[in-house]
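[1] Need coordinates for the following:
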Amino acid sequence: MLFRLTALSATILAATTALALAHGDVAPQPVNTDALPDLEDPEEWMTENPYRGLGDEVYQKAIEIGSSGYTQNCARCHGLEAISGGLAPDLRFLEAEEYGDEWFVERFRHGYTQNGTTKMPAFGELLGQKAAWAIRTYIETRPDDAQVTELTPELMELKGALEGDAPDVAAIGAKLGELAEQIETLSGAPVADSVARRAQVSLAAHPDNAQKAVEILTVGLSAAH
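    This next block holds a predicted model:
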């Protein structure tokens, strides 16, 4: 038993060291936020996500920009699609309200140090406030992966229909919308940026390019499993 505990402790220590080194060895990557509206006072850090109440178009753009920013700067520790492997907090469960926003922006700005070890670097001055809230928007819209898994057979069926001859794009888009409505976030945010929603948005924007929605479904459902 002692050997097992010692081995387990060594494994945890090695993993924690790797986590710290991962942050130290990789420089933060800039996030292009030009497509997002400017904040009233860029120097005064807000305590609530400003992009949550500016309409669907801004919210969607914040999700897209936040997705890129998260993948480049956060995924190595917090996991792809914000699904944590256990070493860092699973940010999908951070409440999409003022308390969760305050916690997020505090960590984003100042980082986190424990017993002299940097567990998370300070990103505030390096990436800026607009990037912070874009990443926050992406995180809070992560879907409940269990619900996505439950609806996967229906999504696969719609994918097959899109790949067929002369697919009924309008009907398939409407069905994707129905499925998207059934998928909730784990944060309590009103919009889940699920694979169903992404495919629906793609079909609405590009009704003559069903292949684009097929690719979204293919990649999204593969990642979910």
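[2] On the three-state scheme, residue 58 is what?
    helix (DSSP: H, G, I helix; E, B strand; the rest coil).
[3] Please, where are all the strands along this structure?
    Assigned by DSSP state E, the strands in the chain fall at 112-114, 117-120.
[4] Could you list the domains of the chain?
    16-24+35-140, 145-224 (automatic domain parsing).
[5] Check those for me: which has the lowest mean pLDDT.
    Between the domains of the chain, the one with the least mean pLDDT is domain 16-24+35-140; it has a mean of 88.
[6] Tell me the gap between that one and the middle of its chain.
    Mean-position distance between domain 16-24+35-140 and its chain equals 10 Å (C-alpha atoms, centre = their mean, to the nearest Å).
[7] coming back round to it: so can I have CSV of the strands of the chain showing distance to residue 85?
    In this view, the C-beta of every residue, glycine as well, is placed from N, C-alpha and C. Below are these laid out as CSV (distance: least, C-beta to C-beta, whole Å):
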stretch, distance to residue 85
strand 112-114, 18
strand 117-120, 15
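[8] re earlier: save the domains of the chain as a markdown table, and put in mean neighbour count too.
    As requested, these are exported to a markdown table (neighbours: other C-beta atoms under 10 Å):
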| stretch | mean neighbour count |
| --- | --- |
| domain 16-24+35-140 | 17 |
| domain 145-224 | 17 |
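[9] follow-up on the earlier one: and of the strands of the chain, who's closest to residue 213?
    The closest of the strands of the chain to residue 213 is strand 117-120. By C-beta to C-beta, the value is 36.2 Å.
[10] do you know how far residue 140 is from residue 97?
    From residue 140 across to residue 97, the span is 9 Å (C-beta to C-beta, to the nearest Å).
[11] Let me fix that, I meant to ask about residue 209.
    For residue 209 relative to residue 97 (C-beta to C-beta), the value is 37 Å.
[12] Now do the helices in this structure.
    2-25, 56-73, 75-78, 98-110, 124-127, 129-140, 145-163, 169-182, 195-205, 210-224 (DSSP state H).
[13] And the second one, what does it pack against?
    Using 3 or more C-beta pairs under 8 Å, 6 or more residues apart in numbering; DSSP states H and E as the contact criterion, the elements in contact with helix 56-73 are helix 129-140.
[14] Now do the helix it packs on against helix 98-110, angle only.
    130 degrees (axes from the mean of the first three to the mean of the last three C-alpha atoms, to 10 degrees).
[15] who's in contact with residue 165?
    By C-beta atoms under 8 Å, 6 or more residues apart in numbering, no residues touch residue 165.
[16] how close does it get to residue 87?
    Residue 165 is 48 Å from residue 87, by C-beta to C-beta.
[17] same check, this time on residue 161
    According to C-beta to C-beta, residue 161 and residue 87 sit 40 Å apart.
[18] cool, residue 143 as well?
    Taking C-beta to C-beta, one finds residue 143 at 22 Å from residue 87.
[19] Same question for residue 109.
    22 Å.
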